[in-house]
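Asks: How does the following fold in three dimensions:
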Amino acid sequence: MNLSENLIVPYNEQIVCFSGERVDTHDYLDLRTRIGSRRDGREVRIRYILVEANTSYNILLGRPCLNAFGAIVSTFHLTMRF
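Replies: Numbering: from 1, shown residues only. Modelled structure (predicted):
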């Protein structure tokens, strides 16, 4: 993403995975994140916690992030609206 190393802040806490195992975190960074188009979108500063994990996901958005965007998630429809 060509981000400056100065944006990355050390962070040493553990998070709990879906399987219940604990994963060590390494760092975090705060980025302005936009969801939606330029006209209908919304931009919010989101804190991304960096972890080493073997997963098929690039990012997991938690409830605080979804709430900041006013998003409604439907797992049945596999969609998100905001």
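
Asks: how about the residue sitting nearest the centre point of the chain, phi and psi?
Replies: Centroid-nearest residue in the chain: Leu61, 4.0 Å away (criterion: Cα atoms, centre = their mean). Per-residue torsions, Leu61: phi -100, psi 120 (degrees, to the nearest 10).

Asks: Against Arg47, how distant is it?
Replies: Counting by Cβ to Cβ, to the nearest Å, the separation of Leu61 from Arg47 is 11 Å. All C-beta spots, glycine's among them, are computed from the backbone N, C-alpha and C.

Asks: same check, this time on Leu78
Replies: 26 Å.

Asks: Neighbour count for the two, which is higher?
Replies: Arg47 (13 against 7; other Cβ atoms under 10 Å).

Asks: so where does that one fall, helix or strand?
Replies: Following DSSP states H and E, one finds Arg47 within strand 42-51.

Asks: Only the buried residues of that strand, if you could.
Replies: 46, 48, 51 (16 or more other Cβ atoms under 10 Å).

Asks: can you list contacts of it?
Replies: The contact list for strand 42-51, computed with Cβ atoms under 8 Å, 6 or more residues apart in numbering, reads 8, 11, 15, 23-36, 59, 65, 68-70, 82.

Asks: do the same with stretch 66-74
Replies: With Cβ under 8 Å, 6+ apart, stretch 66-74 has contacts from 35, 42, 44, 46, 79-82.

Asks: Format those residues as a markdown table; extra columns: pLDDT and distance to Ser4.
Replies: Formatted as a markdown table, the contacts of stretch 66-74 follow (pLDDT from 0 to 100; distance: Cβ to Cβ, whole Å):
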| residue | pLDDT | distance to Ser4 |
| --- | --- | --- |
| Ile35 | 86 | 23 |
| Arg42 | 87 | 25 |
| Val44 | 92 | 21 |
| Ile46 | 93 | 17 |
| Thr79 | 89 | 35 |
| Met80 | 85 | 30 |
| Arg81 | 84 | 34 |
| Phe82 | 76 | 29 |
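
Asks: Lovely, talk soon.
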